[in-house]
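**Q** This is a predicted model, with the sequence first.
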Amino acid sequence: MRIGEHVQRDMIAVPLTPHLRFAVVGAPSYFAGRERPQSPQDHRHHSCINYRWSNSGALHRWHFDGPQGPFDVDVASSLTLNDTDLMLKACLAGAGLACLPESLVMKYIGNRRLVRVLGEWCQPLSGFFLYYPRQRHMSGALRALIDFLKLRNADSGEKSPGRIRESGQMRRRDRRS
C-alpha cells in the first residue's frame, strides 16, 4: 500500500481511500505579531512543525501546486515528530505551522482553533492504493482482499478515485447505484 496511483509495469492498483488534501495550519496565538505566509517560500520566516518518516528517517516534503505546476518544498523545522496527533497538539499550542491532512484539522479550522494558510496552493493528491502484481494465479486470500476492497469502494458514498489502474492503462470500475 502507498500513496499515489503511478503503476509500474505488470502491476495493478486498487484505490483504498479518497483523494487526500493537506492543509498548512497554525494557531491564532502563533500568528499574533506574525504575518501569515502568502506563498510556500514564506515558510522560511516561520517556525515549522514537520513529520519524519519512521521507516526511512526522511523528512516530509510539503507539496504545493502553483501556476507552473506541482512542486515540493523541503521545510526546515523547529520541531520534528513522527506522529501527526503530536504535530496537531503542538500546532494547537502555538508552536508553529504544520502541514497536516485536511481531514485531521478541519474541525479545528471550523471552530477557529487553527487558521489555514496557503489553501490555494494545496490541491488534492491521489489517496492510498493497494498494489499487486498482475498474475494468472493468485492466492485466495489476496483475491478475497481485492474483491472486498473493490466492493467497499463501489458501495462507498465517499468521493474516491473511482478507477483501477493497470500497468499504465485506466479501466473504469463498475459503480453500483
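**A** Perfect, thanks for sending it.

**Q** Poorly predicted segments of the protein, please.
**A** Applying pLDDT under 70 to the chain picks out residues 1-8, 153-177.

**Q** now for the biggest helix by length in the chain, which elements pack on it?
**A** The helix that spans the most residues within the chain, counting by DSSP state H, is helix 140-155. Counting contacts by 3 or more C-beta pairs under 8 Å, 6 or more residues apart in numbering; DSSP states H and E, helix 140-155 is packed against strand 11-15, strand 128-133. Placement of C-beta: from N, CA and C, glycine included.

**Q** ok, now how distant is Asp150 from Leu16?
**A** For the record, residue 150 is Lys, not Asp. 11 Å (C-beta to C-beta, to the nearest Å).

**Q** hmm, I was thinking of Met106
**A** Going from Met106 to Leu16 by C-beta to C-beta gives 20 Å.

**Q** Tell me how many other residues crowd Asp147.
**A** 11 (other C-beta atoms under 10 Å).

**Q** for Val25, that is, sorry about that
**A** 28.

**Q** one step back: pick the most deeply packed of the helices and strands packed on helix 140-155.
**A** Highest mean neighbour count of those: strand 11-15, a mean of 21 (counted as mean count of other C-beta atoms under 10 Å).

**Q** Do a quick rundown of the strands in this structure.
**A** Taking DSSP state E as the test, the strands found in the chain are 2-3, 11-15, 22-26, 48-51, 62-66, 69-73, 79-81, 97-101, 115-117, 128-133, 163-166, 169-172.

**Q** would you list these in JSON lines and tack on distance to Arg34?
**A** Below are the strands of the chain laid out as JSON lines (distance: least, C-beta to C-beta, whole Å):
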{"stretch": "strand 2-3", "distance to Arg34": "31"}
{"stretch": "strand 11-15", "distance to Arg34": "39"}
{"stretch": "strand 22-26", "distance to Arg34": "8"}
{"stretch": "strand 48-51", "distance to Arg34": "13"}
{"stretch": "strand 62-66", "distance to Arg34": "18"}
{"stretch": "strand 69-73", "distance to Arg34": "19"}
{"stretch": "strand 79-81", "distance to Arg34": "16"}
{"stretch": "strand 97-101", "distance to Arg34": "10"}
{"stretch": "strand 115-117", "distance to Arg34": "11"}
{"stretch": "strand 128-133", "distance to Arg34": "34"}
{"stretch": "strand 163-166", "distance to Arg34": "43"}
{"stretch": "strand 169-172", "distance to Arg34": "45"}
